[in-house]
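**Student:** Dropping a prediction and its sequence here:
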Amino acid sequence: MAHKPPRRTRERILATSLALFNAAGAPNVTTADIADEMNISPGNLYYHFRNKDEIIGELYDALAAALDPLLDVPSGARSVEDLWLLLHLLFERMGEYRFFYRDLDEITSRSRRLALAFGALTRRTEGAVEVLTAGLVASGSMHATPAERRALARNVALVATYWMSFQRIGRVPTHDAAGGPPLDPGQAAWQILAMVAPFLVGSDRALVDRLGADYL
């Protein structure tokens, strides 16, 4: 059986940093912590990354690459199931890089590049939701004006961006290693669908009601 080649030090630094950031929060992790966890010298780490911000920047690029194909929504999508799937997959990917969303204000305040990138990502999320809701209107599954759809898309992007922070301070009995609640992509997706539901009719509205029975 073929063996995978060992990961390069740079890849290991990124993987270790992601795990530590997710567990403790990026502000609470230093480059020394990362080097200690990997059992390498700080000099070895600095050979690959000059500072923690460079590591965070490269992890953001990985997050953006993971989200990019999900936000490229085809105009033919016309079912609430398409929206449900999009939201579920989005939250799965966001959960893999959850430290960004838990520490978003701190991270973006330190980097203009990341602040601009997150702004663009939020607008892309709004655009993807508008495409999906336009399809729902065209199929007769949704009754909403263009202005209502724009407002709904913005609210979806807002809730999606800050859901993990809200969940962490909410009344959730179980916690992950970060001291915050584990992300349930289905629960998060349902919270968004609950905002969309009042605009739906027919079988799509009935589907949302059935999905809600699992989370209410």
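**Tutor:** Received, thanks.
**Student:** Which elements pack onto the helix or strand where Gln191 lies?
**Tutor:** Per DSSP states H and E, Gln191 falls inside helix 185-196. Counting contacts by 3 or more Cβ pairs under 8 Å, 6 or more residues apart in numbering; DSSP states H and E, helix 185-196 packs against helix 80-96, helix 146-169, helix 202-213. (Glycine included, C-beta is placed from N, CA and C.)
**Student:** Now do the lengthiest helix in the chain and helix 146-169, the angle between them.
**Tutor:** Secondary structure of the chain per DSSP state H: the longest helix is helix 112-138. With axes from the mean of the first three to the mean of the last three Cα atoms, to 10 degrees as the basis, helix 112-138 and helix 146-169 are set at 130 degrees to each other.
**Student:** how about helix 112-138: buried residues?
**Tutor:** 114, 117-118, 121, 124-126, 128-137 (16 or more other Cβ atoms under 10 Å).
**Student:** so what secondary structure elements neighbour that helix?
**Tutor:** Helix 112-138 packs on helix 52-71, helix 80-96, helix 104-110, helix 146-169, going by 3+ Cβ pairs under 8 Å, 6+ apart.
**Student:** Most tightly packed of these?
**Tutor:** With neighbours defined as mean count of other Cβ atoms under 10 Å, these peak in mean count at helix 80-96, which reaches a mean of 19.
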